[in-house]
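Colleague: I would like the atomic coordinates for the input below:
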Amino acid sequence: MLIGELARRTGTTTRALRFYEQEGLLTSQRTSSGYRRYSEIVVMRVLNIRELLKVGFTVAEIRAFVPFFDECAEENVPYSVGCVLSYDLVGLKRVAAMEEQIAELSAQRERLLRHLTEPRTTPEPSTA
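Modeller: Now for the predicted structure:
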């Protein structure tokens, strides 16, 4: 299938598909006229990529799943048994990173609220 059909079937854009390919998440064959041609199993791969992006994985983190994508597609499932362990490990690391970000933002929020509610003093004019 050509890139336009893949975009339509996966609810994404051709630009996103080109980006996924540039980042090593997708591969395509080229026709004699230079058009990208994708196999049927790429549909599930794109759906998996989009789902992983939606739940907070980065493109770099998703690269860890590339070896498992075709197995998932052949089974026509979002995640195959072979990638569950990797998914869980990478997912737990991602959750830990998100919790760290939440803690940092919460601390910043508290500092800002303290700053906004503390009484302000007028600085003494300098006598220099």
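
Colleague: quick one: least confident helix or strand in the protein?
Modeller: Ranked by mean pLDDT, DSSP states H and E, the weakest helix or strand in the chain is helix 66-75, scoring a mean of 66.

Colleague: residues in contact with the most centrally placed residue in the chain?
Modeller: The centroid of the chain falls nearest to L53 when counting by Cα atoms, centre = their mean (2.9 Å). Shown in contact with L53 (Cβ atoms under 8 Å, 6 or more residues apart in numbering): 59, 62. The way it works is simple: take the backbone N, C-alpha and C, and place the C-beta from them, glycine included.

Colleague: any idea how far L17 is from it?
Modeller: Distance, L53 to L17, by Cβ to Cβ, to the nearest Å: 13 Å.

Colleague: give the residue spans of the chain that score low on pLDDT.
Modeller: Residues of the chain that meet the criterion pLDDT under 70 lie in 70-89, 123, 126-128.

Colleague: can you give me the helices in it?
Modeller: 3-10, 14-22, 42-54, 59-62, 66-75, 81-117 (DSSP state H).

Colleague: closest one to Q29 among those helices?
Modeller: helix 42-54 (10.6 Å; Cβ to Cβ).

Colleague: pull out the buried residues from the closest one.
Modeller: 42-49, 52-53 (16 or more other Cβ atoms under 10 Å).

Colleague: quick one, that helix and helix 14-22 angle?
Modeller: 90 degrees (axes from the mean of the first three to the mean of the last three Cα atoms, to 10 degrees).

Colleague: from the chain's centroid, how far away is helix 42-54?
Modeller: Relative to the centre of its chain, helix 42-54 is centred 10 Å away, using Cα atoms, centre = their mean, to the nearest Å.
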